[in-house]
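[1] requesting a structural model of the entry that follows:
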Amino acid sequence: MSAVTVVPADRLIIVDGEALLLEFSAPEGLHALQWKGESGHTEWTDGPNRLLTAADYGEQVAPFVTAWQAEKARREEDAAREAAARALPDARAAKTAEIQSGYDAALAASLTMPVDSPTAQDVSIGAALFAVDDAEGLAFVRETHAARRDELLAAVAAAESVEAVQAVEVSYAV
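    Predicted structure coming up:
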């Protein structure tokens with residue numbers, strides 16, 4: 001049997017150290033109930049404390065444990081539903097960030113080849129030189145990467161499950 005504390009005035013039930021606030025009914029005048037293992041006691045606002053024995057558990061303690069278990073299960077179900085509802089938007093946001101990062105990297109690589117780890121300055125200089133040498137080529141590279149980015153973003157927007165979002169492979173031709 002569990003360790004149980006009940007404080008009706010505070011709408012508090014604690015089972016094995018886990019506290020929940022919930023609505024429940026209790027006998028009139030019950031200030032608190034304490035139970036640990038095989039025994040416990042009740043504290044009353046209008047009378048003396050009363051000892052509880054193992055024989056009292058089913059009638060005196062178990063209803064509070066049952067109420068606590070039902071409330072805990074309800075909260076866990078609510079949390080699971082909320083997590084499921086957030087999963088797809090969270091997956092879409094993460095994949096969108098991955099797509100944008102891939103776009104930025106592909107554009108930087110296209111402007112700075114053969115530099116392995118281009119800096120912002122390398123990208124700026126590469127873009128300026130590319131624009132001077134081949135403005136149409138620069139426009140083509142930007143449009144090609146932007147079209148791929150938009151294609152990937154559309155696939156993410158159309159995905160109806162987390163798995164479908166995660167299946168979108170982020171790749172750019174560089």
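[2] helices and strands of the protein: which one has the lowest mean pLDDT?
    helix 120-133 (a mean of 70; mean pLDDT, DSSP states H and E).
[3] who are the packing partners of the next helix or strand after that helix?
    Sequence order places helix 135-158 as the next helix or strand after helix 120-133, per DSSP states H and E. Based on contacts counted as 3 or more Cβ pairs under 8 Å, 6 or more residues apart in numbering; DSSP states H and E, the elements that helix 135-158 packs against are helix 62-112, helix 120-133. To be clear about C-beta, it is placed using only N, CA and C from the backbone, and glycine gets the same treatment.
[4] what angle do the longest one and helix 135-158 make?
    What separates the directions of helix 62-112 and helix 135-158 is an angle of 170 degrees, with axes from the mean of the first three to the mean of the last three Cα atoms, to 10 degrees.
[5] could you say what helices and strands helix 62-112 packs with?
    strand 4-7, strand 12-15, strand 18-21, helix 120-133, helix 135-158, helix 162-167.
[6] deepest-packed of the ones you listed, please.
    Of all the helices and strands packed on helix 62-112, strand 4-7 has the most neighbours on average by mean count of other Cβ atoms under 10 Å, namely a mean of 21.
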